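Q: model this:
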Amino acid sequence: MNQPRTSQTDLARVLDRLATERQGALDRLFQFLAIPSVSTDPAYHPACAAAAEWCANALREIGFQARVEKTAGKPMVVGHWHGSGSPLRVLFYGHYDVQPPDPLQEWTAPPFAPRLAEDPHAGEVIVARGASDDKGQVMTFLEACRSWLAVHGRLPVDVTVLLEGEEESGSPSLPSFLDSYGEELKADICLVCDTGQLDADTPAITAFLRGLAFSEITVTGPSRDLHSGIYGGPARNPIRVLANLLADMHDASGRVTLPGFYEGVVTPHLAQLAQWGALDFDVAAFLGAVGLTTPAGEEGMSVIEQLWSRPTAEINGIFGGYTGPGTKTVIPSHATAKLSFRLVPNQQPAQILDGLHRFIAERLPADCTVTYAGEGGSPAVGFDTSAPIFQAAASALEQEWGKPAVIIGCGASIPIVESFRSRLAMDSLLIGFALDDDRIHAPNEKYNVKSFTKGARSWARLLDELGAIDGNRKA
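A: Numbering: from 1, shown residues only. I've put the predicted structure just below:
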């Protein structure tokens with residue numbers, strides 16, 4: 001039986017408490033940020049364990065049943081709150097680990113001594129490693145839950161929380177953990193707060209993540225390096241062969257030429273293209289920030305289309321022969337290139353790599369062989385934004401921010417989202433409050449106080465909206 005939906009007055013009380021608890025919320029976040037939970041460096045393993053315990057204690061304090069689960073790497077934190085009466089159950093995912101703070105000399109204050117500062121563009125900001133990625137984002141959700149439970153003694157929906165400690169180092173322990181505890185974690189939707197907004201005033205829901213495929217190809221010609229004066233001309237040069245193969249991977253219009261590469265690729269519908277076209281996306285600023293001026297990629301496609309809806313093939317590295325100082329007149333025995341492919345829905349990594357192998361086999365000249373290494377990847381993930389849960393999220397965000405949430409894509413990949421879908425048959429709702437200028441992974445990482453406070457209010461509203469969804473309208 002559904003729990004009656006809270007009234008607007010009830011929600012207002014939750015939001016009022018978030019306002020009065022602003023300083024307490026910042027104090028709790030600062031405690032969390034002070035823990036140097038760097039996952040990639042073994043020297044910080046005790047700090048990661050301490051961060052996991054801190055998270056579990058924070059969940060228990062607000063009314064969750066929570067525990068720390070050991071793994072082969074960093075521990076996982078699992079928390080549950082049940083008893084809403086709603087047919088809906090959500091899983092909230094975040095991570096407590098952070099990137100190394102190096103280079104330390106570029107920080108204006110110690111990276112694990114969180115502080116408030118005034119930013120000339122953003123106003124009041126929180127400065128510390130992990131402020132935006134992902135501790136500040138995690139705490140927006142926990143503070144929303146804290147306020148709901150303090151005011152009403154319950155949450156509008158049943159909630160499970162999973163916080164991991166290896167996201168910044170590739171999540172090596174997560175697959176086996178999902179295999180062991182998947183049934184406990186399964187929910188109607190996963191809430192992921194590790195993404196961002198369109199800008200400081202415009203909320204966003206990320207509805208598409210590109211997938212990945214990787215390959216390292218090595219072309220071998222002569223059985224040893226050769227003197228270019230003695231063999232230059234008649235001997236096949238693997239660098240030249242490799243360069244030709246790589247150049248042929250794109251045509252003059254920027255399209256990828258691998259066989260079957262675009263099979264199943266869907267063009268966004270006109271309404272979606274119109275929404276993207278209406279965004280205030282400054283191409284000159286986007287490219288100018290990295291010293292570029294002219295968009296590349298597929299002709300006839302906007303920069304947003306290229307980033308959010310089109311697959312790519314990129315050369316990430318190429319090496320062979322002599323690369324030291326000065327000159328060495330050598331024809332190398334082999335040459336290597338590292339490739340990556342960003343994929344969209346309906347593309348499978350194995351099919352893309354098969355197309356690469358066929359492409360090279362058709363063009364490989366006599367006296368050359370090719371080998372492949374480091375191959376793998378994960379498919380793209382896209383979500384149905386017309387589903388009731390997504391509509392509830394859009395409504396909650398619009399109520400808080402005073403403007404409609406923008407449905408955006410993400411040119412990068414979040415492997416955990418694909419893992420939740422493939423291993424737990426669970427879609428994800430990606431809502432975050434980070435901004436492009438938060439300097440994540442860089443010195444002086446910051447999180448706008450506005451992002452933190454309005455992020456918590458957004459989650460409070462979203463929990464309320466989700467609580468109104470009945471069992472027949474969850475999908």
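Q: mind giving me the domain split of this protein?
A: Annotated domains of the chain cover 8-209+381-473, 211-265+311-378 [automatic domain parsing].
Q: helix/strand/coil for residue 423?
A: helix (DSSP: H, G, I helix; E, B strand; the rest coil).
Q: any figure for the gap between it and residue 337?
A: Applying Cβ to Cβ, to the nearest Å, the value for residue 423 to residue 337 is 32 Å. Where C-beta positions appear, they are placed from N, C-alpha and C, glycine not excepted.
Q: more neighbours, these two?
A: Shown here are residue 423 and residue 337; by other Cβ atoms under 10 Å, residue 337 has more neighbours (20 against 15).
Q: doesn't residue 272 fall inside a strand?
A: No - under three-state DSSP, residue 272 sits outside any strand and is assigned helix.
Q: that one is in contact with residue 407, isn't it?
A: Yes - the pair formed by residue 272 and residue 407 meets the contact definition of Cβ atoms under 8 Å, at 7.4 Å.
Q: contacting residues for residue 189?
A: 88, 90-91, 389, 426-429 (Cβ atoms under 8 Å, 6 or more residues apart in numbering).
Q: which member of those is positioned nearest residue 51?
A: residue 91 (20.0 Å; Cβ to Cβ).
Q: any idea of the mean pLDDT in stretch 25-39?
A: Per-residue pLDDT over stretch 25-39 has a mean of 98.
Q: make that stretch 418-430, sorry
A: Mean predicted lDDT for stretch 418-430 stands at 92.
Q: buried ones in that stretch, by neighbour count?
A: The neighbour-count check on stretch 418-430 (16 or more other Cβ atoms under 10 Å) flags 418-421, 424, 426-430 as buried.
Q: tell me the confidence at the residue nearest the centre of the chain?
A: Central residue check for the chain by Cα atoms, centre = their mean: the C-alpha nearest the mean position is that of residue 414, 3.8 Å away. Per-residue confidence at residue 414 stands at 78 (pLDDT).
Q: try residue 474
A: 59.
Q: any low-confidence regions in this structure?
A: 1-7, 471-475 (pLDDT under 70).
Q: let me see the ranges of the helices in it.
A: 8-20, 22-33, 45-62, 135-152, 174-185, 228-231, 238-247, 270-278, 283-288, 303-309, 349-363, 388-401, 415-424, 449-467 (DSSP state H).
Q: distance between the longest one and the chain's centre?
A: It refers to helix 449-467. Between the centre of helix 449-467 and the centre of its chain there are 20 Å (Cα atoms, centre = their mean, to the nearest Å).
Q: and it, what does it pack onto?
A: Helices and strands touching helix 449-467, by 3 or more Cβ pairs under 8 Å, 6 or more residues apart in numbering; DSSP states H and E, are helix 8-20, helix 22-33, strand 123-127, helix 135-152, helix 388-401.
Q: now that we have those, can you turn them into JSON lines and tack on distance to residue 195 and mean neighbour count?
A: As requested, the helices and strands packed on helix 449-467 are arranged in JSON lines below (distance: least, Cβ to Cβ, whole Å; neighbours: other Cβ atoms under 10 Å):
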{"stretch": "helix 8-20", "distance to residue 195": "21", "mean neighbour count": "15"}
{"stretch": "helix 22-33", "distance to residue 195": "19", "mean neighbour count": "17"}
{"stretch": "strand 123-127", "distance to residue 195": "18", "mean neighbour count": "19"}
{"stretch": "helix 135-152", "distance to residue 195": "9", "mean neighbour count": "24"}
{"stretch": "helix 388-401", "distance to residue 195": "12", "mean neighbour count": "20"}
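Q: quick one, which of these gets closest to residue 95.
A: So among the helices and strands packed on helix 449-467, helix 135-152 is nearest, using Cβ to Cβ, at 7.6 Å.
Q: chain center to that closest one: distance?
A: With Cα atoms, centre = their mean, you get 22 Å for helix 135-152.
Q: that one packs against which elements?
A: helix 8-20, helix 22-33, helix 45-62, strand 89-95, strand 158-164, helix 449-467.
Q: out of those, nearest to residue 288?
A: Going by Cβ to Cβ, the one of the helices and strands packed on helix 135-152 nearest residue 288 is helix 449-467, 24.6 Å.
Q: burial count for residue 436?
A: 13.
Q: so it touches residue 196, yeah?
A: Yes - counting by Cβ under 8 Å, residue 436 touches residue 196, with 6.9 Å between them.
Q: what distance do you get for residue 203 to residue 382?
A: For residue 203 relative to residue 382 (Cβ to Cβ), the value is 20 Å.
Q: more neighbours, these two?
A: residue 203 (25 against 18).
Q: who's in contact with the more buried one?
A: When the contact criterion is Cβ under 8 Å, 6+ apart, the partners of residue 203 are 197, 397-398, 400-401, 403, 405-406, 431, 433, 458.
Q: contacts only, for the residue nearest to it when sequence neighbours are not counted.
A: In space, and not counting its chain neighbours, residue 203 is closest to residue 397: 3.9 Å by Cβ to Cβ, 6 or more residues apart in numbering. Residues in contact with residue 397 (Cβ under 8 Å, 6+ apart) are 203, 205, 405, 431, 458, 461-462.
Q: same thing with residue 267?
A: So residue 267 contacts residue 309 (Cβ under 8 Å, 6+ apart).
Q: that one and residue 100, how far apart?
A: Relative to residue 100, and taking Cβ to Cβ, residue 267 is found at 41 Å.
Q: which of the domains of the chain is buried the deepest?
A: domain 8-209+381-473 (a mean of 19; mean count of other Cβ atoms under 10 Å).
Q: phi, psi of residue 261?
A: Dihedral pair for residue 261: phi -60, psi -40, per degrees, to the nearest 10.
Q: wait, it touches residue 352, no?
A: Yes - counting by Cβ under 8 Å, residue 261 touches residue 352, with 6.8 Å between them.
Q: before we move on, back to that, quick check on the residue nearest to the centre of the chain: phi, psi?
A: Per degrees, to the nearest 10, the backbone of residue 414 is at phi -120, psi 90.
Q: who's in contact with the closest residue in space to it that isn't next to it in sequence?
A: The shortest distance from residue 414 to any non-neighbouring residue, by Cβ to Cβ, 6+ apart, is to residue 209 (5.5 Å). By Cβ under 8 Å, 6+ apart, the contact list for residue 209 reads 380-382, 409-410, 412-414, 417-418, 430.
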